[in-house]
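# sharing a sequence plus its predicted fold:
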Amino acid sequence: MALLFSGGLFARQQDFADLDLRLASDEFSLLLQGDLSFHFSKAALEALANGLPLAVDTEVIIKPANKWYWQQSLASFRYKLEIQYHALSQQYLVKGIDHTYPRAFLTQSAALAALGRIKELALVELSSLDPDEQYEVSIRSVLDSESLPVPLRPLTYLSDEWRLRSGWKRLHWPENN
């Protein structure tokens, strides 16, 4: 029974986000570009439509590709993406990583599409990377249950509808090594 439950949970975690991402560079930095397409559960979308803000915590880890798991990474950071329905204006407000102020959308689908759009997120300076080394950039997204109101948090620990997590997306830099 435990194996069946854990298999169902694992399937839910893999379905939370499609990470269609790629690495690029400019003159100074290694850049992340692409889309994080989130698949919120029915319960989360209903809460969003009722004005509950939802935050997604995205973790990025950069390390040399040949390092062991327990060895220190070159860089590691997290950033939050937020979406909220504002009942008074009847708009969805989205605060992404490349915008200081929230952007407004008339429909939930437009707001969700914009939530994870990444144009050029600078990850690390190219000068800190060894040109003869290949690097692995790992990315995953999780619904941030700690940002929800305190009375709702216990439900997030018990319900699959609120335990939303993507699998790790691994990208390599440079790609041709």
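Happy to help now that I have it. Remember, it's a predicted structure, so these values are computed and weren't measured experimentally. Numbers count the residues shown, from 1 in each chain.
# C-alpha from now on. contacts and neighbour counts both.
Noted.
# so where's the protein uncertain?
Filtered on pLDDT under 70, the chain yields the residue ranges 1-14, 69, 98-100, 176-177.
# for it, what spans make up the helices?
Under the criterion DSSP state H, the chain contains helices at 2-14, 42-49, 108-115, 153-158.
# which residues are in contact with Ala111?
By Cα atoms under 8 Å, 6 or more residues apart in numbering, Ala111 lies in contact with Ile83, Tyr92, Leu93, Val94, Ala104, Phe105.
# residues in contact with the fifth one?
By Cα under 8 Å, 6+ apart, Ala104 lies in contact with Gln91, Tyr92, Leu93, Val94, Ala111.
# change it to 6 Å
Applying Cα atoms under 6 Å, 6 or more residues apart in numbering to Ala104 gives the contacts Tyr92, Leu93.
# same question, the fourth one
Remark: with contacts taken as Cα under 6 Å, 6+ apart, Val94 is in contact with Glu82, Ile83, Pro102, Arg103.
# quick one: the closest residue to the first one other than its chain neighbours from Leu115, how far?
What it means is Glu82. Using Cα to Cα, 6 or more residues apart in numbering and skipping residues adjacent in sequence, the residue nearest Glu82 is Ala55, 4.4 Å away. As judged by Cα to Cα, to the nearest Å, Ala55 and Leu115 stand 10 Å apart.
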